[in-house]
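Asker: I need the structure of the sequence given here:
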Amino acid sequence: MPIRVPKELPAIKVLEKEKIFVMDEDRAMHQDIRPLEILILNLMPKKDETEVQLLRLLSNTPLQINVEFLHMSSHEAKNTSSEHLKRFYYQFKDVKEKFYDGLIITGAPIEQIPFEEVDYWKELQKIFKWSTSHVFSTFHICWGAQAGLYQHYKINKHLLDQKLAGIYTHNVLKPTWSILKGFDDVFLAPHSRYTEVKKSDIDKTNELEILAESKEAGIFLVGNKNNRAFYAMGHLEYDRETLQQEFERDKLKGILTELPTNYFPNDNIDSMPQLRWHMAASLLFSNWLNYAVYQNTPYDLSTLLDEEK
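Answerer: Numbers count the residues shown, from 1 in each chain. Take a look at the predicted model:
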């Protein structure tokens, strides 16, 4: 997929080394194509790493995509330079009059904080509300998924006894849903979180359906029956080393956590973890773009306002 991004975005160099076709603005302007407009609300601390992870996964269909990044103006980023944010990111005030085919809302390592105590919660609530009339389909990840379910359906998160981290086996429950087209019955996916959403709460909400789950890790994917919103509790976008880096970060902070489950070969932290989930990751995001977005989104995105009315 030709991904259109600012031509000086550092992530481009990483993606080009992986032979992923990235199109800058100059070349894209010469193509008479209406690209998909995708907005990524990046709530992760190391935004450059998440940029690479998500752009990699958005590269697996022949569709042309125009990707823009959004950050929270009400939060001061500590792990990403202000120069990077000013150069490559928008604030909500810059995009609130625009319309998008798709929106991705990432996770954030703040699961233990009540939603209302998150410093950017009020701003995020505005974005959630705006997305219902200005975005055709939204894909929520981990804390972003929990926050979305809380905002839209008042489904709260629940604290786990200890951090859930590792690679877990999941079962596809609804193979007829287009977002799971081509999936095997069983797939692997990473999780990294301190909280969960309970199955009983989802089951009580008529608009939602659990699409995939794990006996060990619980719910993985929830879909709105209108195909306009998806909530993934895990991190299929993670790189091979991401859980290792998080584990080492926790140790440096003095946080006692168990080794990530099913991650290090023979639980040997000096061994290279195997990458066993990127096939599922590529398929999930490709299916979302193709079936939930491209095949259903209106050519004139401003008609989304008419739908909302």
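
Asker: contacts, neighbours, all on C-alpha from now
Answerer: OK.

Asker: with adjacent residues omitted, what lies nearest to residue 134?
Answerer: What sits nearest to residue 134 in space, not counting adjacent residues and going by Cα to Cα, 6 or more residues apart in numbering, is residue 99, at 4.7 Å.

Asker: where exactly do the helices run in the stretch 201-309 of the chain?
Answerer: Counting by DSSP state H, counting those that start in this stretch, the stretch 201-309 of the chain has helices at residues 242-252, 278-287, 303-308.

Asker: just the stretch 1-150 of the chain next, same as before
Answerer: Under the criterion DSSP H, counting those that start in this stretch, helices of the stretch 1-150 of the chain are mapped to 11-17, 25-28, 47-57, 82-88, 92-95, 121-134, 143-153.

Asker: residue 137 pairs with what?
Answerer: According to DSSP bridges, residue 102 are recorded as the beta-bridge partners of residue 137.

Asker: what is the neighbour count of it?
Answerer: 27 (other Cα atoms under 10 Å).

Asker: can you check residue 96 too?
Answerer: Once other Cα under 10 Å is used to define contacts, residue 96 is seen to have 13 neighbours.

Asker: against residue 151, how distant is residue 307?
Answerer: Using Cα to Cα, to the nearest Å, one gets 21 Å for the distance from residue 307 to residue 151.

Asker: what's near enough to touch residue 54?
Answerer: residue 237 (Cα atoms under 8 Å, 6 or more residues apart in numbering).

Asker: distance between the ends of stretch 250-259?
Answerer: The first-to-last residue distance of stretch 250-259 comes to 11 Å (Cα to Cα).

Asker: which one of the helices of the stretch 1-150 of the chain has the most crowded surroundings?
Answerer: Each of those was assessed for mean neighbour count using mean count of other Cα atoms under 10 Å. The highest is helix 143-153, with a mean of 21.

Asker: circling back: burial count for the residue nearest to residue 134?
Answerer: Residue 99: 22 surrounding residues under other Cα under 10 Å.

Asker: and it, what does it touch?
Answerer: Residues touching residue 99, when contacts are defined by Cα under 8 Å, 6+ apart, comprise 37, 134-135, 301-302.

Asker: likewise residue 247?
Answerer: Remark: with contacts taken as Cα under 8 Å, 6+ apart, residue 247 is in contact with 257, 259-260.

Asker: measure it to residue 141 for me?
Answerer: 20 Å.
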